Every structure is written in structure tokens, then in C-alpha cells.
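A.B. asks: I would like the atomic coordinates for the input below:
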Amino acid sequence: MREITFAEAIREALREEMHRDASVFIMGEDVGVFGGVFGVTAGLYEEFGPDRVRDTPISESAIVGGGLGAAMMGMRPVVEIMFGDFLMCAGDQIVNQAAKARYMSGGKAKVPLTIRVTTGAPGSAAAQHSQSPESWFMNVPGLKIAVPATPADAKGLLKTAIRGEDPVLFFEHKMLYAVRGPVPEDPDFTIPFGAANLARAGRDLTIIAIGGMLAKALEAADALSQEGIEAEVIDPRTLVPLDKDALIRSAAKTGRVVIAHEAHKRAGPGAEIAALLAEEAVEYLDGPIMRVAAKNVPIPYSPVLEEEVLPGVDDILAAARFLMGGAKA
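C.D. replies: This next block holds a predicted model:
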């Protein structure tokens, strides 16, 4: 299978869906002429024109609000929020309007709105451009949340989001854009929401890795294998809906669980997953559920301090070794 980058996979999904359905259009800051701050939408303006690839003012509330209105009137907008840190500038539009419109209308108002959002630390971007806000919105009924970790998942999940009838927050880790991987060329290739990916089979412990932490979890699993510890690695793919059955099955199989994500540890997505496993799988567990996440401080600008705050392979290894009977780091 041919290999393309994460960014190319997203662009391909957008192009295919725009050819497939004339109601699909793109809107956001610099997505048109400039091709997006990370170059993800490059070339689409030239191919589809300014009516379907729309540059907007710097106003997240206007971007999401305009997308919401278009979605409720029968269009399928894909709006881009350049940095996830600024999602709260559109907080009312997302939380009180988009998330609730279908429910409050008794299902009469569908909201096929896809909100593409960058997430994670790209390296020395400091406290206001490096956050992972996925869990902020897990508490809001009516929103779906996708966090792809591979180019194939980026394409398949984005096409599912665009074709759906509900608002979707689609989180793209900035450090994944250049990552290459196999991606099907089939224009109807989709991945259903709520279906976790078994990235690596194992018997001794489970590592649940979200988004950009998947590659680090797989690297840690390779290192553990050299020590005779076979780790199973699960990528949830979507946080809402969450494939709890797959997570519980893996926890029951291995008896030990490490959850890894780049969001801050306090009230991050790992907290919800840990609570779920504590409620529904505690009888299978042979030790505490360990969370590997960013420390509860703003993300520093200094590369040295940033590395200290963000979770890495060594943090996953320390948690895994502790569960296997080692000393707690």
C-alpha cells in the first residue's frame, strides 16, 4: 500500500469528500490562499475556488458560528481552528449551540459540522499554543471527539466525521503532520467512530495510548519486549464515543493498565478512562491504573522545561515496570 503523510491523508479526505458531495466546503483562518498554517489544505483553494475554500477573519466564534449555521441549513462545513488553545473563544457556539441543537429541536435540526483542531505541543510554542484540550469537551453531551494517531486513521475518521449528522471535534496533533504511513486509496474508505485499534497484541499489560502518544507507546512496548514484558497497545481513536468494550477486554486479558496522553494529567481523558475501568473492570486488575500525562503546569517555552513537563517513552516505561513489580519512579 502506498504511504503518505498525516497531512496528505487529511487533504486527500477533504478533496475526495468535496468531489463526492457539493455541500462540503472548508472555512477557517488562512485555509485558502495560504493553504493553512501547517499546509494541510494546500492546493484546495486552486482546485475548488473561493466559494468552497473560504478564508475567514481571525474570529473563532465567527468561524464556528458560521459553520453551525451552514450545517443547520443543509451544508456540510469543515471549519478549521488553527490552534486548539483558542477553542474556548468559540465556547458558546460549540458547547451551548452546536452540541445541543439536535437535542433541543427533537432531532429535526441536524448538525453535520466538522471542526478540525490542532492539538499538542509542536516544540517551543509556549503555554498558549501547546495545549491538548480534548478532555475539556468530553463533558459536553452532543459532541463527538476524534483523535487520530496514524495517517490511515486521519483519512478514515475524517471522512466518517464529514458524512455524519452530528458535530465532531477532530483533533490533529501538530507533530503528526509529517509522519508517513500506509493509507488506502479507496475514496469510500472510512473508519467508524467508537472502534478502537489494537496497535500491538500483548499479554502482560495494556497501554492505552491517545493521539500523539501512540508512537511513544509502541516504542516503549518494543523496549519492554526486550525485557520479557509483552505490552498490548490500544488506540481508542475516538474519545466520544469510546470503545469501552475493547478497553475492558484488554484490561481483563492483561490485568494491568497504563493510560498515556499528552493532555495534563488532572481531569485529562485518562481520568475518564481510568474511572470507567475502575467501575467496570476492577475485578480483573492486579494493580493500580497508571496515568502518564503532562504535568499540571502550563507548557513552558524553554525546550528543556517543555521536555520535562511533557510525557515521554521513559515515563511509560517507568509506569509499566512499576506495574510489573518494580519500584515506583
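A.B. asks: Number of residues surrounding the nearest residue to D166 once chain neighbours are set aside?
C.D. replies: The shortest distance from D166 to any non-neighbouring residue, by C-beta to C-beta, 6 or more residues apart in numbering, is to K144 (5.5 Å). Bear in mind the C-beta positions are built from the backbone N, C-alpha and C, glycine included. K144 has 22 neighbours, counted by other C-beta atoms under 10 Å.
A.B. asks: my guess is K144 meets F193, correct?
C.D. replies: Yes: in terms of C-beta atoms under 8 Å, K144 counts as a neighbour of F193; the distance is 6.0 Å.
A.B. asks: Kindly check the end-to-end length of stretch 206-221 for me.
C.D. replies: With C-alpha to C-alpha, to the nearest Å as the measure, stretch 206-221 spans 10 Å from end to end.
A.B. asks: Can you list the buried residues in that stretch?
C.D. replies: 206-218, 220-221 (16 or more other C-beta atoms under 10 Å).
A.B. asks: Point to the residue nearest the middle of the protein.
C.D. replies: Closest to where the C-alpha atoms of the chain average out (C-alpha atoms, centre = their mean) is V147, at 1.6 Å.
A.B. asks: What count of nearby residues applies to A260?
C.D. replies: Neighbourhood size, A260 [other C-beta under 10 Å]: 28.
A.B. asks: and the helix ranked longest in the chain, what does it pack onto?
C.D. replies: Counting residues, the longest helix in the chain under DSSP state H turns out to be helix 6-20. Packing partners of helix 6-20 (3 or more C-beta pairs under 8 Å, 6 or more residues apart in numbering; DSSP states H and E): strand 24-28, helix 44-48, helix 151-163, strand 180-182.
A.B. asks: Just tell me which of the ones you listed ends up closest to F38.
C.D. replies: For those, the distance to F38 is smallest for strand 24-28, at 11.6 Å, taking C-beta to C-beta.
A.B. asks: Partner strands of that closest one and their direction?
C.D. replies: Here strand 24-28 has these sheet partners by DSSP bridges: strand 53-55 (parallel), strand 76-81 (parallel).
A.B. asks: Can you mark which positions in the shortest one are buried?
C.D. replies: The neighbour-count check on strand 53-55 (16+ other C-beta under 10 Å) flags V53, R54 as buried.
A.B. asks: and T206, that one's in a helix?
C.D. replies: No: counting by DSSP: H, G, I helix; E, B strand; the rest coil, T206 is not part of a helix but strand.
A.B. asks: doesn't I229 make contact with it?
C.D. replies: No: using C-beta under 8 Å, T206 makes no contact with I229, being 11.9 Å away.
A.B. asks: before we move on, back to that, from the buried residues of stretch 206-221, which is closest to E16?
C.D. replies: Nearest to E16 among these is G211, at 23.2 Å by C-beta to C-beta.
A.B. asks: circling back: out of the helices and strands packed on helix 6-20, deepest packed?
C.D. replies: Greatest average neighbour count among the helices and strands packed on helix 6-20 goes to helix 151-163 (a mean of 25), per mean count of other C-beta atoms under 10 Å.
A.B. asks: Quick one: list the elements packing against that helix.
C.D. replies: Contact here means 3+ C-beta pairs under 8 Å, 6+ apart; on that basis helix 151-163 packs against strand 3-5, helix 6-20, strand 76-81, strand 114-119, strand 144-146, strand 168-173, strand 180-182.
A.B. asks: R180 and R2: what is the separation?
C.D. replies: For R180, the distance to R2 equals 10 Å [C-beta to C-beta, to the nearest Å].
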